[in-house]
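A.B. asks: I'd like to go over a predicted model; first the sequence, then the structure.
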Amino acid sequence: MSNTAPLVTSFDVRFCETDALQHVSNTALVAWFEAAREPIFRMFTPELDLQNWPLILASYKVDFLAQIFYGKPVTVKTYISRLGNSAFDVFQELWQDDKLCSTGVTTMVHFDYKTQRSAPIPDNVKSELQSHFKELPTK
């Protein structure tokens, strides 16, 4: 499967996101990755209606590849790297100054809170997710 266009989100690094070592704190990346998943959230619930939220986070992993610094914007590129019946993986890259600084993988599950069970991803949403698919190299 060919690589497709990512969903792209950019942030200005805020001073409060830096730590005593004068670079961005590792906790900021998790928040940036979550904010950059908003277009995916909107595929499931366009109004971001929290009363009818259809997703649950199952796991996430972040790899730190390079330091990130205050005063320069960052860009998050978001892809889908696995697409199952009810679960999918979101693969994200964080870039600063044209340098890959971090990657993350988040497993999301389409979830029915009333029945407390996973639910199949609707076909129209699955098609939209597929349009942002990126095949990752096997390890």
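C.D. replies: Yep, that arrived. Treat the numbers as computed from the prediction; the structure is a model and nothing was measured.

A.B. asks: tell me the predicted confidence for Lys139.
C.D. replies: With respect to pLDDT, Lys139 scores 66.

A.B. asks: ignore what I typed, I meant Ala35.
C.D. replies: On the pLDDT scale, Ala35 is placed at 97.

A.B. asks: the helix or strand containing it: how far from the chain's middle?
C.D. replies: Using DSSP states H and E, Ala35 maps to helix 26-36. Mean-position distance between helix 26-36 and its chain equals 9 Å (Cα atoms, centre = their mean, to the nearest Å).

A.B. asks: what is it packed up against?
C.D. replies: strand 7-11, strand 55-64, strand 74-83, strand 87-96, strand 99-112 (3 or more Cβ pairs under 8 Å, 6 or more residues apart in numbering; DSSP states H and E). C-beta here means a position set from N, CA and C on the backbone, and glycine is covered the same way.

A.B. asks: let's have these in JSON lines, adding mean neighbour count and mean pLDDT.
C.D. replies: Below are these laid out as JSON lines (neighbours: other Cβ atoms under 10 Å; pLDDT from 0 to 100):
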{"stretch": "strand 7-11", "mean neighbour count": "15", "mean pLDDT": "95"}
{"stretch": "strand 55-64", "mean neighbour count": "14", "mean pLDDT": "96"}
{"stretch": "strand 74-83", "mean neighbour count": "19", "mean pLDDT": "97"}
{"stretch": "strand 87-96", "mean neighbour count": "21", "mean pLDDT": "98"}
{"stretch": "strand 99-112", "mean neighbour count": "18", "mean pLDDT": "97"}
